[in-house]
Structures are given as C-alpha cells and as structure tokens.
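The following block contains a protein sequence and its predicted model.
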Amino acid sequence: ELGTKTTWADGNLLLNATLFHQTYEDFQLNSFLGTSFVVRSIPEVVSKGIDTEVLWQATRGLMVQGGVTYADTRYGDSIPGGDFVAPTGALYKLPGSRVSFAPYWSSSASVTYDYPFAGDLLARFNLGAKYMSEYNTGSDLDVEKVQEGFTVVNARIGIGKQNRNWMVELWALNLTDEDYVQVGFDAPLQNVSPAPNNPFNSFNGFLGAPRTYGMTLRILY
C-alpha cells in the first residue's frame, strides 16, 4: 500500500487516498454446482486499485462524507484442476477473470446534520447512499448471474437530548426499494443439461433486503 492523508481548511476537510496491490495465495472458493457444494483452492488472486475518502465539516453541525474505490480483482491464469478446463469444466471461466462479487467501482456518500433547539434538544438528519458497479454474483461466473450496477439509499431522522441520554429515530433502509441479487447459484436439480454453463439451465438468487422502515428508541442509563 502507498497512501496519503491530508488536512485542509483548518482541520475541517480531510482528503485521503491509498494505492494498493494485494496478492492472495491458495484462495478458497466455495461453489454450488446444482447438486453439491465443492471447495476449490485457487493458487493466486490479485487485487489492485485506489481507495479515496473525503470528510468535510462544512459548517457547525453539518458533516459530509464520501469515498470512491476502484479495484481490479482477478483470479490467476493457472488451471488448478479439471474443473477449470474448457469447455467441460464447471469453473472454466475463472482463470484470468474478475472475481465474483468484485465490482470495478464502489462509492458511498452521506450527509449528517445536527440541529440543536429548545435549549437541550437535538434534531439529527442523515441521508446516505452506496453505489456498486456491475459484478457477477455466481462463483462460476455464468453470464446470467451478472448484477447490473445499483445504488442503495438509507435515511434517518432523530430527535433527542443533546447529551444523548435518549433519542427517537425514524429510519428507512433501501429507501428507493432497489432490486438486486446478492448471490446467484445453480438451481438444485433443475438444470436441463448436465453440461456446465448451459444458458438454458435454471438458477436461483438471494435478493438484497427490500425497503424497510421503522422507529428506534435509544436510552442510556
């Protein structure tokens, strides 16, 4: 890693950045192939990119945070077994390809505002979002398991004591009710062909949480 941390505007603005290059040996891959789980050891996985971060105390009570990461994370070119040999191996797409669940781009941003009022009360507002670019949700990298880029937005409004003895918060997760797949996998015993990566085979997925909202009461004794 090679990084820098800088402070500006009398300490109210922080800008940080890190270049990284990481090599993992004997990476353990757990795959579901429609009938069973198999664990394969990948000799090498390499991840390289840049991570940036900004924190800005814009005014008293107003904090802005954000970050952007670019990462290229790939399996090595070696072929550690028959499962990785085209065209019959179930994992033949892996050598040299981008790792599952590894988007090129990811970013986050949030705005928090604290507003004191009525002597000893505090209102807090927070809005945050996280973006991830396209990535594959399947351990075998089948094309039908690709998740397009998406953004999840969360929001929170609270009122409480300035000394934080208590606070009532209304919150919402995935405010825009974004649909996205967390994990894609071959459907158990539903493939129409035993051949791996057949485009007509069925697959299932675990979806991300839908829009969720609620209220929280925090009390400190």
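Yes, it's here.

now this protein, which segments are flagged as low pLDDT?
33-34, 189-201 (pLDDT under 70).

how about the strands in it?
2-8, 13-32, 37-59, 62-75, 105-117, 121-132, 135-136, 146-147, 150-161, 166-173, 181-186, 203-207, 212-219 (DSSP state E).

now those strands in a markdown table, with distance to residue 90 and mean neighbour count?
Backbone N, C-alpha and C define where each C-beta goes, glycine included. Formatted as a markdown table, those follow (distance: least, CB to CB, whole Å; neighbours: other CB atoms under 10 Å):
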| stretch | distance to residue 90 | mean neighbour count |
| --- | --- | --- |
| strand 2-8 | 38 | 10 |
| strand 13-32 | 7 | 14 |
| strand 37-59 | 8 | 15 |
| strand 62-75 | 14 | 17 |
| strand 105-117 | 28 | 15 |
| strand 121-132 | 26 | 16 |
| strand 135-136 | 15 | 21 |
| strand 146-147 | 18 | 18 |
| strand 150-161 | 28 | 16 |
| strand 166-173 | 36 | 15 |
| strand 181-186 | 9 | 19 |
| strand 203-207 | 13 | 14 |
| strand 212-219 | 36 | 10 |
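
Compare those and give me the one nearest residue 81.
strand 37-59 (6.8 Å; CB to CB).

which strands and helices sit next to that closest one?
Counting contacts by 3 or more CB pairs under 8 Å, 6 or more residues apart in numbering; DSSP states H and E, strand 37-59 packs against strand 13-32, strand 62-75.

closest one to residue 144 among the ones you listed?
Closest among these, using CB to CB: strand 13-32, at 14.8 Å.

Let me know whether residue 63 touches residue 14 as I believe.
No: counting by CB atoms under 8 Å, residue 63 stays clear of residue 14, with 11.0 Å between them.

Residues that sit against both of these two, list them.
Counting by CB atoms under 8 Å, 6 or more residues apart in numbering, the contacts common to residue 63 and residue 14 are 55-56.

Pull the contacting residues for residue 76.
42-46, 95-96.

I'd like those written out as JSON lines, with distance to residue 89 added.
Converted to JSON lines, the contacts of residue 76 look like this (distance: CB to CB, whole Å):
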{"residue": "42", "distance to residue 89": "13"}
{"residue": "43", "distance to residue 89": "16"}
{"residue": "44", "distance to residue 89": "18"}
{"residue": "45", "distance to residue 89": "18"}
{"residue": "46", "distance to residue 89": "21"}
{"residue": "95", "distance to residue 89": "10"}
{"residue": "96", "distance to residue 89": "14"}
